[in-house]
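A.B. asks: structure of the sequence below:
(chains A and B)
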Protein chains: 2
Amino acid sequence: MCQANVYIERGGIEELVMENVDILEPKGENLFLRSLFGEQKILPLRIKLISLINNKIILEE
Amino acid sequence: MCQANVYIERGGIEELVMENVDILEPKGENLFLRSLFGEQKILPLRIKLISLINNKIILEE
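C.D. replies: Residues are numbered from 1 along each chain as shown, chains lettered A, B, ... in the order given. Here you go, the predicted structure:
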């Protein structure tokens, strides 16, 4: 079992989008996120980089 | 720290692509994968679903 923190990168700066993320699912132009605690977001972003060792996922516009 | 096993789904069947994956990085139409042990692949696939609790990432064509 693992989880990751999800960030959006804008202008070289990483901003936290959601902590303890379990599910990520691209849906057309959007990305569905769900945390271990049931928090959900649908964002018009895509995955830029996943680094599981660092528990980190970076999104971009 | 975590890792995941990566599968490709074809015709409803999941086939293992790489175990113990650390890095996933979309690069244009391709997807770069790297395992904890340094194994690397570049595949013309995209991410369909990430389920970190299940240490599972599913790709699709």
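
A.B. asks: so which residues of chain A form strands?
C.D. replies: A:4-10, A:13-27, A:30-35, A:40-43, A:46-51, A:56-60 (DSSP state E).

A.B. asks: export these as a markdown table, with columns for mean neighbour count.
C.D. replies: Backbone N, C-alpha and C define where each C-beta goes, glycine included. A markdown table is the format used below for the strands of chain A (neighbours: other C-beta atoms under 10 Å in any protein chain shown):
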| stretch | mean neighbour count |
| --- | --- |
| strand A:4-10 | 18 |
| strand A:13-27 | 15 |
| strand A:30-35 | 18 |
| strand A:40-43 | 13 |
| strand A:46-51 | 18 |
| strand A:56-60 | 18 |
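
A.B. asks: can you put these in TSV and add mean pLDDT and distance to chain B?
C.D. replies: TSV is the format used below for those (pLDDT from 0 to 100; distance: least, C-beta to the nearest C-beta, whole Å):
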stretch	mean pLDDT	distance to chain B
strand A:4-10	96	6
strand A:13-27	97	4
strand A:30-35	98	9
strand A:40-43	98	14
strand A:46-51	97	4
strand A:56-60	97	8
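
A.B. asks: to B:F37, which of these lies closest?
C.D. replies: In terms of C-beta to C-beta, the element of the strands of chain A nearest to B:F37 is strand A:46-51, at 15.4 Å.

A.B. asks: please enumerate residues in contact with that closest one?
C.D. replies: For strand A:46-51, the external contacting residues (C-beta atoms under 8 Å, 6 or more residues apart in numbering or on different chains) are A:4, A:9, A:24, A:26, A:31, A:56-61, B:22-26, B:47, B:50.

A.B. asks: partners of that strand, with directions?
C.D. replies: Take DSSP bridges as the rule and strand A:46-51 pairs in its sheet with strand A:56-60 (antiparallel), strand B:13-27 (antiparallel).
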